[in-house]
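Colleague: Quick one: sequence and predicted model below, then my questions.
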Amino acid sequence: MAETPSEKIPVTVLTGYLGAGKTTLLNRILSEPHGKKFAVIVNEFGEIGIDNDLVVGADEEVFEMNNGCICCTVRGDLIRIIDGLLRRKGQFDGIIVETTGLADPAPVAQTFFVDEEVQAKTKLDAVVTVADAKWLSDRLKDAPEAKNQVAFADVILINKTDLVNADELAEVEARIRGINPYAKLYRTQKSAIDIGKVLNQGAFDLDRILELEPAFLEEGEGHHHHDHEHGPDCGCGHEHHDHDHGHGHHHHGLKAVHDAEMQSVAFSTDKPLDPDKFFPWVQDLVAKEGPSILRSKGILAFKDDPDRFVFQGVHMILDGDHQRPWKDDEKKVSRIVFIGRKLDAKALEAGFLSCAA
Ligand SMILES: Nc1nc2c(ncn2[C@@H]2O[C@H](COP(=O)(O)OP(=O)(O)OP(=O)(O)O)[C@@H](O)[C@H]2O)c(=O)[nH]1
């Protein structure tokens, strides 16, 4: 494949439901010694920027869309960020957009066809969907986004194969095939895949998408295939306001974000946490509330610990590790986010704050 300077910049859209393994895949792509430079755009659900901080440092520039809901930001933030990037052409070889687990990939993909400037200079290379082998079947029943993410995919990673047995794996694969017989399917653990199978696929198939969604190329609100509508003033239920990381505050309970019954609550504190309080609390919490807490994540500052601790949960499965030392000029603020249904924000906040050392 000859690369000429006039060639359009390939864009890879990474999608997949909450906690499926998108960031894990992104970090793999970025850590590989491919000698390429990518611009990364991440979209967060909720207002405390955590995903951004979970992406490996390296040379990449990470642009954050913090409005929490890609359906509303798609014609604003995303186009604005890409326009900015395009003005510095030649400085990177590809753009990777990681969407929030709750995003419908359609409006994201659409951006690359409806905006003239963006369309002239970029090409949507592939929609890559990471599917959680353990939870996808359940989500296909109750979350329309999960189904759309599978339907739109050019490449699908059935990830977390370690958490299911052979029968369950065969079942989830059959379900995926039932929704999308065209995508390339790979079974992975920790999103481990040869990046050549993910990047530069030349795979996004407009004809197939138009079959799925005839109104795909129409401007405005032509692309409903959701239970709820997304529009210019966005009836999707997300609240939009400037985000505030809460630095400098003793603690800061942030407004909940609602998507139908899906909500995100986030808290932060600059008091160091006691690991002997935090872990029992969070383990007990997900053991009891795991079915309604779809996703949890946090960046934590423990007392007398020079390292940032990154904590992650998907339902009742928890995982965590030291990430890197806190930098000298970095405020040691612990931030935690819960995404789920019918969350008791007050109790979560009280529980979190009671973990102070
Ligand atoms: N057991 C197991 N855990 C995995 C695997 N891949 C990723 N995880 C864990 O699953 C959690 C979620 O992974 P992420 O890569 O952050 O998922 P994500 O899709 O980016 O999550 P959101 O951005 O919140 O939607 C982390 O704790 C990962 O370490 C896997 O193959 N097996």
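Modeller: Happy to help now that I have it.
Colleague: Run through the strands of the stretch 201-350 of the chain in chain order.
Modeller: 251-253, 257-259, 262-269, 293-301, 307-314, 317-325, 334-341 (DSSP state E, counting those that start in this stretch).
Colleague: could you redo those as a markdown table and give each row distance to residue 164, mean neighbour count and mean pLDDT?
Modeller: Using the backbone N, CA and C atoms, a C-beta is placed for each residue, glycine as well. Shown next, in a markdown table, are these (distance: least, CB to CB, whole Å; neighbours: other CB atoms under 10 Å; pLDDT from 0 to 100):
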| stretch | distance to residue 164 | mean neighbour count | mean pLDDT |
| --- | --- | --- | --- |
| strand 251-253 | 37 | 18 | 29 |
| strand 257-259 | 27 | 19 | 40 |
| strand 262-269 | 24 | 24 | 82 |
| strand 293-301 | 18 | 23 | 84 |
| strand 307-314 | 13 | 19 | 84 |
| strand 317-325 | 12 | 13 | 83 |
| strand 334-341 | 22 | 23 | 84 |
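Colleague: residues near residue 114, how many?
Modeller: Residue 114 is flanked by 19 other residues according to other CB atoms under 10 Å.
Colleague: change the start of the numbering to 39 and stick with it
Modeller: Happy to do that; since the first residue is 39 now, the last one works out to residue 152.
Colleague: In the stretch 139-288 of the chain, which residue sits nearest the ligand?
Modeller: residue 139 (3.1 Å; CB to the nearest ligand atom).
Colleague: List the residues that contact that residue.
Modeller: 54-58, 60, 83, 183, 333, 377 (CB atoms under 8 Å, 6 or more residues apart in numbering).
Colleague: Please apply the same query to residue 356.
Modeller: Here residue 356 is in contact with 320-321, 324, 334, 349-350 (criterion: CB under 8 Å, 6+ apart).
Colleague: per-domain residue ranges of the protein.
Modeller: 47-250, 289-391 (automatic domain parsing).
Colleague: tell me the mean pLDDT for the longest one?
Modeller: Pointing back at domain 47-250 there. Averaging pLDDT along domain 47-250 gives 80.
Colleague: Would you point to the one among the domains of the chain that's packed deepest?
Modeller: domain 47-250 (a mean of 19; mean count of other CB atoms under 10 Å).
Colleague: distance between it and the chain's centre?
Modeller: A distance of 8 Å separates the centroid of the chain from that of domain 47-250, by CA atoms, centre = their mean, to the nearest Å.
Colleague: And for stretch 361-368?
Modeller: The answer for stretch 361-368 is 24 Å, by CA atoms, centre = their mean.
Colleague: try stretch 364-375
Modeller: For stretch 364-375 - counting by CA atoms, centre = their mean - the centre lies 21 Å from the chain centre.
Colleague: same thing with stretch 346-366?
Modeller: On CA atoms, centre = their mean, the centre of stretch 346-366 falls 16 Å from that of its chain.
Colleague: Go through this protein and flag its longest strand.
Modeller: strand 160-170 (DSSP state E).
Colleague: Just checking: what are the partner strands of that strand?
Modeller: As defined by DSSP bridges, the strand partners of strand 160-170 come to strand 47-53 (parallel), strand 193-197 (parallel).
Colleague: Tell me the secondary structure at residue 207.
Modeller: Following DSSP: H, G, I helix; E, B strand; the rest coil, we place residue 207 in the helix state.
Colleague: tell me the contacts of it?
Modeller: Applying CB under 8 Å, 6+ apart, the residues near residue 207 are 171, 196, 199, 225.
Colleague: need the residues of the stretch 89-238 of the chain near the ligand, please.
Modeller: Within the stretch 89-238 of the chain, the positions near the ligand by CB under 6 Å from any ligand atom are 89, 139, 168, 197-198, 200-201, 227-229.
Colleague: follow-up on the earlier one: of the contacts of residue 356, which pair is most distant in space?
Modeller: Spatial extent of those (CB to CB) is set by the pair 321 and 350 at 13.3 Å.
Colleague: From residue 170, how far out is the closest residue to residue 155 other than its chain neighbours?
Modeller: Nearest residue to residue 155 in three dimensions, chain neighbours excluded: residue 121, at 6.1 Å (CB to CB, 6 or more residues apart in numbering). For residue 121, the distance to residue 170 (CB to CB, to the nearest Å) stands at 34 Å.
Colleague: cool, residue 319 as well?
Modeller: Counting by CB to CB - residue 319 and residue 170 are separated by 25 Å.
Colleague: re earlier: so which of the contacts of residue 207 comes closest to residue 152?
Modeller: Nearest to residue 152 out of the contacts of residue 207 is residue 196 (CB to CB; 31.1 Å).
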